[in-house]
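Chemist: Sequence and computational prediction follow.
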Amino acid sequence: MRRPQVMNAEHWRDMVVQFRRDLHRIPELGFSEVKTSAYLRDRLAEMRLIARPIAGTGLLADIVGERGPGRTVALRADMDGLPVQEETTLSFPSEHAGVMHACGHDGHMAMVLAAALRLQAARSDYRGTVRVLFQPSEERPPGGAVKMIAEGALDGVDEIYGLHVWSAQPTGTVELGEGPQMANDDEFTIRIYGRGGHGSEPESTRDAALIAAQTVVNLQTIVSRRVPARRPVVVTCGTLAAGTAFNIIAERAEITGTVRTYDDAMRARVETELRNIAVRTAQMVGARAEVEYTHGYPAVVNHAAAVAKWRAALVAETEVAVRESEPKLAAEDFSYYLQKVPGAFMFVGAAPTEGEPYPQHSSHLEINEDALIVGTEALVRIALASLV
């Protein structure tokens, strides 16, 4: 009697939508997801699932199949919101000033929660265990995945799967592919030390503002002239700060930015080029530059066998349109899980039916709630395919 319930995704639509709306109202920043965690724990308890705390505000719960012991497959959702003031037209906006689920994590939690509900109802149909993981603090390195793993989230896990709603991708589609799917995410700070002075006497100074401007321009040659065109690389200077007054030539300047690459060799090469350019640009005019370069999340790299299994399950059991993914230069700490066990990460289309979609992290982001049905179905399908 339970199998038809699992097969009918529409049966669960109202519930997964309500989960998402409830969670959208209470966004919280990384490692502060207290209300979020309590909500998830209560919903799991209603399913007769006991969730244990992990990584601070995170949760772990196991759904044990009734056909006996077997493999363990994990489904992961991230929990945190962003420091963004919501500016949507939704009837269920954020109740927390200055914090918003502007990346879709409310949808991710709702889909994993709904998948848990369906798999709990169908546990007589499979052997083994489904582990649901609700992870805090994905948005900001070092993130929550490393802490989750250190505290046993992957103990006994054979495979892991995750997904991300994507507002620019048509609703009703999923994107899935082998190999790199999201990028290495690095940060840099360049501090320039010149010689300040009066604005009327530039010849006696080493203008840190001018050097910083030249450095920003020179850094763009990394992509255009120093790495192969076929190898995707992004070097973005996000801030430039210099000076204290209109008539004082700046003695110091600071540039911050990010670098995105897909593999470790290119990551190392770009770091070397960036350091050399920053230091030598300053040296050319008798100034000095220091570079602080921080490695963030590694690239999300899908395992071929896991991708093939997920694609086959969706094609055989659903009407979801499965497309080959286009790797994105955004970053995700799901990468740490995939370094430990096989698995895959999928993108779920969530574009509105009308109008242009707002991008992830926009204060105006509104996801198409039909995507929640697609993502829940995808999670249920891969869990059952992994445990048969």
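Modeler: Looks like it came in fine. Residues are numbered from 1 along each chain as shown.
Chemist: On the pLDDT front, check Glu354 for me.
Modeler: According to the prediction, Glu354 has pLDDT 87.
Chemist: Tell me how far it lies from Thr171.
Modeler: 11 Å (CB to CB, to the nearest Å). Placement of C-beta: from N, CA and C, glycine included.
Chemist: what about these two, which has more around it?
Modeler: Using other CB atoms under 10 Å as the criterion, Glu354 and Thr171 rank with Thr171 on top: 22 against 5.
Chemist: Pretty sure that one sits against Gly349.
Modeler: Yes: using CB atoms under 8 Å, Thr171 makes contact with Gly349 at a distance of 4.9 Å.
Chemist: any shared contact partners between those two?
Modeler: Among the neighbours of Thr171, those also in contact with Gly349 (CB atoms under 8 Å, 6 or more residues apart in numbering) are 368, 371, 374.
Chemist: Show me which of the residues you listed are buried.
Modeler: Among the shared contacts of Thr171 and Gly349, those classed as buried by neighbour count (16 or more other CB atoms under 10 Å) are 368, 371, 374.
Chemist: ok, those residues vs Lys328, which is closest?
Modeler: Ala371 (16.7 Å; CB to CB).
Chemist: Which residues are in contact with the residue most central in space within the chain?
Modeler: The residue at the geometric middle of the chain, judged as the C-alpha nearest the mean C-alpha position with CA atoms, centre = their mean, is Glu332 (3.5 Å). Residues counted as contacts of Glu332 (CB under 8 Å, 6+ apart) are 138, 164, 182, 297, 300, 345.
Chemist: Also Ala55?
Modeler: Taking CB under 8 Å, 6+ apart as the definition of contact, the neighbours of Ala55 are 135-136, 144, 147-148, 151, 153.
Chemist: do the same with Glu203
Modeler: For Glu203, no contacting residues are found, by CB under 8 Å, 6+ apart.
Chemist: Which secondary structure state is assigned to it?
Modeler: Three-state call for Glu203 (DSSP: H, G, I helix; E, B strand; the rest coil): helix.
Chemist: Show the model's pLDDT score for it.
Modeler: At Glu203, the pLDDT recorded in the model is 95.
Chemist: Next step: the contacts of Ala55 restricted to strands.
Modeler: Judged by DSSP state E, the subset of the contacts of Ala55 located in strands is Gln135.
Chemist: In three-state terms, how would Met266 be classified?
Modeler: Per three-state DSSP, the secondary structure class of Met266 is helix.
Chemist: what sits against it?
Modeler: Taking CB under 8 Å, 6+ apart as the definition of contact, the neighbours of Met266 are 227, 231, 233.
Chemist: same question, Ala344
Modeler: Counting by CB under 8 Å, 6+ apart, Ala344 makes contact with 161, 176, 302-303, 306-307, 310, 338, 382.
Chemist: quick one, strands of the stretch 51-200 of the chain?
Modeler: Using DSSP state E, counting those that start in this stretch, the strands of the stretch 51-200 of the chain run over residues 52-54, 58-64, 72-78, 129-135, 159-166, 173-176, 179-182, 184-193, 197-198.
Chemist: how far off strand 184-193 does whatever helix or strand comes next after the last one point, in degrees?
Modeler: Yep, that's strand 197-198 we're talking about. Using DSSP states H and E, the next helix or strand after strand 197-198 towards the C-terminus is helix 208-219. Direction vectors for helix 208-219 and strand 184-193, defined by axes from the mean of the first three to the mean of the last three CA atoms, to 10 degrees, enclose an angle of 150 degrees.
Chemist: can you pull the buried residues of helix 208-219?
Modeler: For helix 208-219, a neighbour-count test (16+ other CB under 10 Å) marks 208-216, 218-219 as buried.
Chemist: Ok, stretch 32-41 next?
Modeler: For stretch 32-41, a neighbour-count test (16+ other CB under 10 Å) marks 32-33, 35-37, 39-41 as buried.
Chemist: Reformat these into TSV and put distance to Glu251 next to each item.
Modeler: What follows is the buried residues of stretch 32-41, written out as TSV (distance: CB to CB, whole Å):
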residue	distance to Glu251
Ser32	38
Glu33	43
Lys35	47
Thr36	46
Ser37	48
Tyr39	51
Leu40	51
Arg41	54
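Chemist: where along the protein do the helices fall?
Modeler: 3-7, 13-24, 34-46, 105-121, 145-150, 208-219, 221, 264-283, 304-317, 334-338, 370-387 (DSSP state H).
Chemist: To Gly196, which of these lies closest?
Modeler: Taking CB to CB, helix 208-219 is the member of those nearest to Gly196, at 7.5 Å.
Chemist: Report all helices and strands that that closest one contacts.
Modeler: Here helix 208-219 is seen to pack against strand 184-193, strand 234-242, strand 252-261, helix 264-283 when contacts are counted using 3 or more CB pairs under 8 Å, 6 or more residues apart in numbering; DSSP states H and E.
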